[in-house]
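J.: got a predicted structure here, sequence first:
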Amino acid sequence: MTLDLTPYERAMLSGSEGDATAMAMRIVVSAAELLAAPRLVEIRSAHIDGCLHHGDGGVEFAERLAEGGGRVAVDTTLNVGALDLLHPGVVRADAQKTAMARRQMDAYVRMGAKPTFTCAPYQVGHLPGVGEQVAWGESNAIAFVNSVLGARTERYGDFLDACCALTARAPLYGLHLEENRAATVVVDASLVPPALRERDVFYPVLGTWLGLEVGRDISAIVGLPESVTRDQLKALGAAAASTGAVALFHVVGATPEAPTLDAATGGLAPVRKVALTGEMLRGSLDRLSTATDAAGVDAVAVGSPHFSLHEFEELTRLVRGRRLVMPFYACTARDTLNDLEARGDAAILRDAGVEIIVDTCVVVTPILPASGGVLMTNSGKFAHYGPSNTGYEVLYGSLEDCVESAVAGRLVRDEEVWAW
Amino acid sequence: MVAGRVLVAGEGGGPLLRLDHAISFWGGVDPVTGTICDPRHPDFGASITGTVLAIPATVGSSSSSAIMLELLREGTAPAAILLARADAILALGVIVGRELGYNGIPIVEVPVEQLACLEQGAPALVSATGVVTQPES
């Protein structure tokens, strides 16, 4: 199959918009060819997951585009980088690595992307509409923009998201096409005790299970409460996109493409139906903790994906006037920190001992104490990537469990919630 | 002999390393050492450098493209990658590497049942047309 390009797309390829756009277009075209896309689709927004310094190749790529006169052609936000630019010093990195990480972040800002530096751009006003074509990177953001907002993106990796932003084009394939967005797997959560379904701590565990069991297939989940929150769906998607290539799921009665089960499955009979059991959830719950209960807790981290204002309200309520006796990190966007400062909550959090990290997070860059040990978290994504990325063992619990453990200096966890 | 679909053209050869479990290169592969660094992966500790790496599926973070690019830059990359299902994420790392002048590697889509026919550990060659041969098998 040959790729059908418009005259303007062919002009971009031959340099009409400058060297950087031509290079970006070559990469978009190569990707479209290997994905066997028939043509490109015009996109309206992009989220670039290219600011994280994994090595100097990423700096070279970004600077090549910036020096070639590259400018983003659509609304573009930036994912986390490897540095907390507002609190230099919290990241342990040598001067050379810090300088390269900074250059990488700067190159994307020079090209006109917004310096949001967050993995949750949907919490700082980047909210594409239902059906809108976009090109987003960052696995949790991809799951959220597709599932919760109903916009259309494929799973873009570093580099392709930036090239889409510069050209306002993406390969037309996969989840950009309506016919590929119907659920083929129905997950029935109605046997889960209603009290558990209401709890935040349920959602990362459900997501972990979904990623492992459903993977790349698209699911329609029935039986979740109507009151399910955006934060809960964010946690579900982030965990699912960590353990599996989940880019889209539907929650019947809650997400835009699933007003009914019939709508979610496109009117077709599902290929597979699964009723969630206690055993399934227990397996996923156990997977989120690698340390034993007796191991103790050395630090707590929350905010993967980045904490929302609403999650901070809850944390502020839990820690107000108390003293956390171990390092407690809350990762968020700089825009969210501004709001927290304005309402006075940042001071309450800091007084209790919460360290607020912005622009980055503790699992992608060295912030946790180098001594190592056990990290407690309420995040399925932190629990998944923590051991390999930080060397810490992990313990999973609710936000309340995290706070109570950090106050007591030892593991305090409500196990009752999982009894059924 | 197995014939696959070329995703990124090139030639390469080395011992076949077939992973039985899906992997995310980000958080799963250390580009400096070229080893699998996710302690929960069954092949934890294995070196992928210079191998013909057969992967049933890629999962997780889209940052895996960047790890692929770093593997090429560091000279710790596999000699070739066989993917059971086409995925833009690893291929993108190789395509960008080519733009930046790094040595590329072939990526070929090979159905999972054909991947299973290849002999673990035996030398394998990947041709420019996507044919995988194991001369000693």
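T.: On my side now, so go ahead.

J.: low-confidence ranges in chain B?
T.: Scanning chain B with the threshold set as pLDDT under 70 gives B:60-62.

J.: following element in sequence after the longest strand along it, please.
T.: Using DSSP state E, we find that the single longest strand of chain B is strand B:12-18. Downstream of strand B:12-18, the first helix or strand assigned by DSSP states H and E is strand B:29-30.

J.: partner strands of that following strand, parallel or antiparallel?
T.: Strand B:29-30 pairs in its sheet with strand B:35-36 (antiparallel), by DSSP bridges.

J.: give me the contacts around the strand it pairs with.
T.: B:I23, B:G28, B:V29, B:D43, B:F44, B:G45, B:A46, B:S47, B:I48 (C-beta atoms under 8 Å, 6 or more residues apart in numbering or on different chains). The C-beta positions use only the backbone N, C-alpha and C, and glycine is treated the same way.

J.: I figured A:G215 hits A:V246, correct?
T.: Yes. The criterion here is C-beta atoms under 8 Å, and A:G215 meets it with A:V246 at 7.0 Å.

J.: more neighbours, these two?
T.: A:V246 (32 against 17; other C-beta atoms under 10 Å in any protein chain shown).

J.: that one belongs to a helix, doesn't it?
T.: No. Assignment of A:V246 by DSSP: H, G, I helix; E, B strand; the rest coil gives coil, placing it outside any helix.

J.: the closest residue to it other than its chain neighbours in helix, strand or coil?
T.: Residue nearest to A:V246 in three dimensions, not counting chain neighbours: A:A240, with 3.9 Å by C-beta to C-beta, 6 or more residues apart in numbering or on different chains. Look at A:A240: counting by three-state DSSP, its state is helix.

J.: so who does A:A240 touch?
T.: A:A240 makes contact with A:A143, A:G207, A:T208, A:L210, A:G211, A:V214, A:V246, A:F249, according to C-beta under 8 Å, 6+ apart.

J.: redo that, cut-off 6 Å
T.: Contact analysis of A:A240 by C-beta atoms under 6 Å, 6 or more residues apart in numbering or on different chains lists A:G207, A:L210, A:G211, A:V246.

J.: wait, which of those residues is closest to A:Q232?
T.: Of all the contacts of A:A240, A:G207 has the smallest distance to A:Q232: 9.7 Å, by C-beta to C-beta.

J.: wasn't the closest one part of a helix?
T.: Yes. The assignment for A:G207 (three-state DSSP) places it in a helix.

J.: what residues are up against it?
T.: By C-beta under 6 Å, 6+ apart, the neighbours of A:G207 are A:L236, A:A239, A:A240, A:G380.

J.: for it, report the pLDDT, please.
T.: With respect to pLDDT, A:G207 scores 98.

J.: how far away is it from A:A347?
T.: 33 Å (C-beta to C-beta, to the nearest Å).

J.: what ranges does the stretch 301-420 of chain A have for its helices?
T.: Using DSSP state H, counting those that start in this stretch, the helices of the stretch 301-420 of chain A run over residues A:309-319, A:334-342, A:345-352, A:380-390, A:399-408.

J.: out of the ones you listed, indicate the one that is most buried.
T.: helix A:380-390 (a mean of 26; mean count of other C-beta atoms under 10 Å in any protein chain shown).

J.: and that helix, what's its mean pLDDT?
T.: Mean predicted confidence for helix A:380-390 is 93.

J.: what about residue 93, how many residues close to it?
T.: No chain was given, so I picked chain A. 16.

J.: actually chain B
T.: 32.
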